[in-house]
Structure formats: structure tokens, C-alpha cells
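Student: need a structure here:
(one chain, ligands or ions: 1)
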Amino acid sequence: MARATPSGARSGRKPLMAGNWKMNNNHLEAIALVQKMAFALKDADYDAVDVAVIPPFTALRSVQTLIEADKYGIQYGAQDVSQYGSGAYTGEISAAMLAKLGCTYAVVGHSERRQYHAEDDAVVNAKARAALAADLTPILCVGEGLEVRKAGGHVPHVLAQVDGGLEKITAEQVRRTVIAYEPVWAIGTGETATPQDAQEVCGAIRTRLAELYDGGVADEARILYGGSVKGGNVAGIMAQADVDGALVGGASLDPGEFVKICRYRDLPG
Ligand SMILES: O=C(CO)COP(=O)(O)O
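Tutor: Numbers count the residues shown, from 1 in each chain. You can find the predicted model right below:
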């Protein structure tokens with residue numbers, strides 16, 4: 001993959017392109033999709049960009065086996081994680097179980113979990129801390145709904161989610177936490193935030209990290225944008241100084257489209 005000079009102030013942060021498959025693909029379909037992606041990315045420079053798939057729990061073991069056997073440079077993670085360590089929590093999956101499967105990431109606080117499973121900032125924070133305690137990297141999702149956006153309250157809304165989500169998380173832990181700004185109105189709607197919208201909020205999140213911790217932490221933490229990212233709009237989004245990658249839903253199910261996103265440096269801006 002051609003390595004271009006990082007734009008803006010992305011300093012040493014390595015971009016991350018993560019495909020959140022949501023409730024799609026059984027384990028056999030997952031194997032086929034990862035194989036296609038890995039083939040199309042076989043000359044990729046994984047030192048320049050992290051590429052991750054986030055399949056359903058039921059596909060994680062197959063994805064692990066495939067990636068380890070074929071030594072693909074692709075990372076993987078889970079879409080959710082329990083806030084509890086172990087015990088009588090039917091249906092839950094612990095962070096330790098995910099770590100044992102070789103997961104790098106665990107998504108916490110996705111807007112679909114907040115909306116359909118009533119997860120509030122306290123639960124999201126407990127999940128993020130459980131992930132960190134097992135040496136997983138949480139991808140902490142934040143984002144405002146349409147009403148909040150229309151009323152112009154998106155920045156304070158998102159920063160309150162950041163504050164709540166990072167409660168009791170140390171500076172050392174935040175350095176290895178990923179924050180994903182996903183405006184709810186742009187998820188699965190085909191409506192993308194403009195690059196300037198993405199930068200406004202991602203920049204505000206970085207400033208907040210500097211206030212909560214320090215400038216060094218704020219400089220290191222990766223902040224992603226998510227919401228209808230595709231090959232056709234990724235370059236403009238990635239040109240923003242405070243956007244360090246994308247959390248991709250629908251387009252990550254199409255290997256051709258996802259590979260284009262991962263190769264955003266090769267696309268016309
Ligand atoms: O929710 C998302 C990723 O977590 C974004 O989904 P879409 O890319 O389908 O809008």
C-alpha cells in the first residue's frame with residue numbers, strides 16, 4: 001500500500017479501519033469474507049494502517065483460526081463485551097474470553113446497544129474498563145441523534161458521553177483506547193457527516209482528552225469517524241487532522257468496498 005505523508009496533525013497515530021459487521025455473516029460466510037479481503041490486501045502495508053474486522057461472536061473462533069493459520073495482517077475484535085468478569089450472566093461474553101480468542105478490540109457503547117439494549121454511560125464505562133483490564137482495546141462509541149444535531153447540541157452531547165465513558169480510566173489506559181464518533185443520523189442512512197462535521201466533533205473530543213488527561217494522551221489516542229463511510233467519501237474524511245480512521249458498517253460487508261476504504265491513501269482526495 002502506498003504510504004503517503006499523513007495529513008494535518010495526525011502525528012504518530014496509526015490509522016485504523018475497522019469493519020463492524022453487526023449481525024451479519026455466519027462463521028462460514030465470515031471465513032469467505034476475510035479470505036477475500038486478505039487476498040485483496042496482500043500487498044498492504046500494515047505498518048501504515050491497522051485493518052480490523054469486527055464479526056459476530058459466533059464467527060470469532062473461525063476468524064482467529066484463519067488469520068493465525070495464514071498469517072494475515074488483519075486484526076479482529078468483538079462487537080460488545082460484558083461488564084462482568086464471570087458467573088451467572090446468561091448470554092454474556094467476558095473480556096477474558098475475547099482476549100483468549102486473540103481479539104485486539106471490543107466495541108463498547110455502539111449506538112445500537114445504547115438504543116436497543118438501554119446501555120447508558122455507566123454500563124458503557126464498565127464495559128470499557130472490563131475490556132482494558134483484559135488488555136483489549138475498547139472502541140468507545142459516542143454520537144448524537146438527529147434531534148440533538150438539529151438543535152446544535154452535538155458537541156456538548158458527545159463530550160458528556162466521552163466524560164461518562166472514560167470515568168475512572170487512567171491516562172495509560174486512554175492512550176490505548178479508541179474513540180469512535182458515530183453520529184446516529186449518519187449510521188446506515190447513506191447520509192454522511194461532511195468532513196468538516198467529523199473534524200469538528202473529533203477535534204472537540206481530542207481537546208477534551210487534553211483537559212481530562214494531558215496533551216500527550218490526547219495526541220496518542222485514536223479517534224475514528226463512523227457513519228456511511230464508503231470508498232467514495234473516505235479520503236475527504238481521512239484528510240481531517242483529528243480523524244484517525246473509520247468504523248465502517250454496511251460497506252465492510254463488501255470486500256471490494258472495504259478494501260478501497262483501507263487503501264484510502266491511493267484514492268483521489
Ligand atoms: O454503525 C456503524 C459502524 O459501527 C456505521 O454503519 P454504516 O457504515 O452502515 O453507516
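Student: in what helix or strand does Leu98 lie?
Tutor: Taking DSSP states H and E as the definition, Leu98 sits inside helix 95-100.
Student: which other residues reach the following helix or strand past that helix?
Tutor: Following helix 95-100 in sequence order, the next helix or strand is strand 105-108 (DSSP H and E). Counting contacts by CB atoms under 8 Å, 6 or more residues apart in numbering, the residues outside strand 105-108 that touch it are 18, 20, 52, 54, 75-81, 95, 98, 124, 127-128, 131, 136-141, 165, 178, 180, 247. C-betas here are computed from N, CA, C, even on glycine.
Student: Now do the contacts for the residue in the stretch 1-150 of the chain that the ligand sits nearest to.
Tutor: Across the stretch 1-150 of the chain, the shortest distance to the ligand (CB to the nearest ligand atom) belongs to Asn20, at 3.7 Å. Contacts for Asn20 were tallied using CB under 8 Å, 6+ apart; they are Ile54, Gln79, Val107, His110, Gly226, Leu247, Val248, Gly249, Ser252.
Student: and the residue lying closest to it once chain neighbours are set aside, how far is that from Lys36?
Tutor: Taking CB to CB, 6 or more residues apart in numbering, and ignoring the residues beside it in sequence, Asn20 has Ile54 as its nearest neighbour in space, at 4.5 Å. Ile54 sits 17 Å away from Lys36, taking CB to CB, to the nearest Å as the criterion.
Student: Which one of those two is surrounded by more residues?
Tutor: Summary of the neighbour comparison: Ile54 and Lys36, criterion other CB atoms under 10 Å, with Ile54 having more neighbours (28 against 15).
Student: Quick check, the more buried one in contact with Met17.
Tutor: No. With contact defined as CB atoms under 8 Å, Ile54 and Met17 do not form a contacting pair (11.1 Å).
Student: Counting by contacts, list what the helix holding Leu98 packs against.
Tutor: Counting contacts by 3 or more CB pairs under 8 Å, 6 or more residues apart in numbering; DSSP states H and E, helix 95-100 packs against helix 121-133.
Student: starting at the chain centroid, how far to the helix it packs on?
Tutor: When C-alpha coordinates are averaged (CA atoms, centre = their mean, to the nearest Å), helix 121-133 and its chain have centres 15 Å apart.
Student: hang on, Gly87 in a strand?
Tutor: No. Secondary structure of Gly87, determined by DSSP: H, G, I helix; E, B strand; the rest coil: coil, with no strand assignment.
Student: count of residues packed around it?
Tutor: The number of residues packed near Gly87 is 8, by other CB under 10 Å.
Student: now it: how far from Ser94?
Tutor: Using CB to CB, one obtains 9 Å as the distance from Gly87 to Ser94.
Student: Kindly report the same for Ala130.
Tutor: Taken as CB to CB, the spacing of Ala130 relative to Ser94 amounts to 7 Å.
Student: what residues are shared contacts of these two?
Tutor: Overlap of the contact sets of Ala130 and Ser94 (by CB under 8 Å, 6+ apart) consists of Val81, Ser82, Tyr84, Gly85.
Student: Those residues: which two are farthest apart?
Tutor: Checked with CB to CB, these reach their widest spread between Val81 and Gly85, with 10.9 Å between them.
Student: out of those two, which sits in the more crowded spot?
Tutor: Val81 (29 against 12).
Student: helix, strand or coil for that one?
Tutor: Here Val81 is recorded as coil under three-state DSSP.
Student: hang on, it packs against Ile139?
Tutor: No. Contact status for Val81 versus Ile139: not in contact, 10.5 Å apart, counting by CB under 8 Å.
Student: Not counting sequence-adjacent ones, nearest residue to the residue of the stretch 151-269 of the chain found nearest the ligand?
Tutor: When scored by CB to the nearest ligand atom, the stretch 151-269 of the chain has Gly249 as its residue closest to the ligand, at 2.2 Å. Across the structure, with CB to CB, 6+ apart as the measure, the residue nearest Gly249 apart from its sequence neighbours is Asn20 (5.3 Å).
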